[in-house]
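Enquirer: Turn this into a model:
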Amino acid sequence: MPKPNYAFAKRQRDIAKKQKKEEKRQRKTGASDNPTQEGPPQPPGDEKTVA
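Expert: Here you go, the predicted model:
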């Protein structure tokens, strides 16, 4: 039976933590930069464009 690779498991946990922390930071900065995103999304055909 092979012995467990604790270093690999720890690295994977650390990578997951960093990724989660980065996503949380992105959400916080995105929410403060653009408060209009919090409202209901507009339908795609709402704006009138001339092609």
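Enquirer: Name the spans of the protein whose pLDDT lies under the cut-off.
Expert: Counting by pLDDT under 70, the chain has low-confidence residues at 31-51.
Enquirer: From Lys28, how far out is Lys21?
Expert: Distance, Lys21 to Lys28, by Cβ to Cβ, to the nearest Å: 11 Å. C-beta: built from backbone N, CA, C; applies to glycine.
Enquirer: how much space between Asn5 and Lys21?
Expert: Taking Cβ to Cβ as the measure, Asn5 falls 24 Å from Lys21.
Enquirer: where exactly do the helices run in this structure?
Expert: Using DSSP state H, the helices of the chain run over 6-33.
Enquirer: so how many other residues sit close to Met1?
Expert: 3 (other Cβ atoms under 10 Å).
Enquirer: If you could redo that for Glu23, that was the one I meant.
Expert: With neighbours defined by other Cβ under 10 Å, the count for Glu23 comes to 10.
Enquirer: Now for it: which residues touch it?
Expert: Shown in contact with Glu23 (Cβ atoms under 8 Å, 6 or more residues apart in numbering): no residues.
Enquirer: Could you report the distance from Ala16 to Lys24?
Expert: Ala16 sits 13 Å away from Lys24 when distances are taken as Cβ to Cβ.
Enquirer: what do you get for Pro4?
Expert: Counting by Cβ to Cβ - Pro4 and Lys24 are separated by 30 Å.
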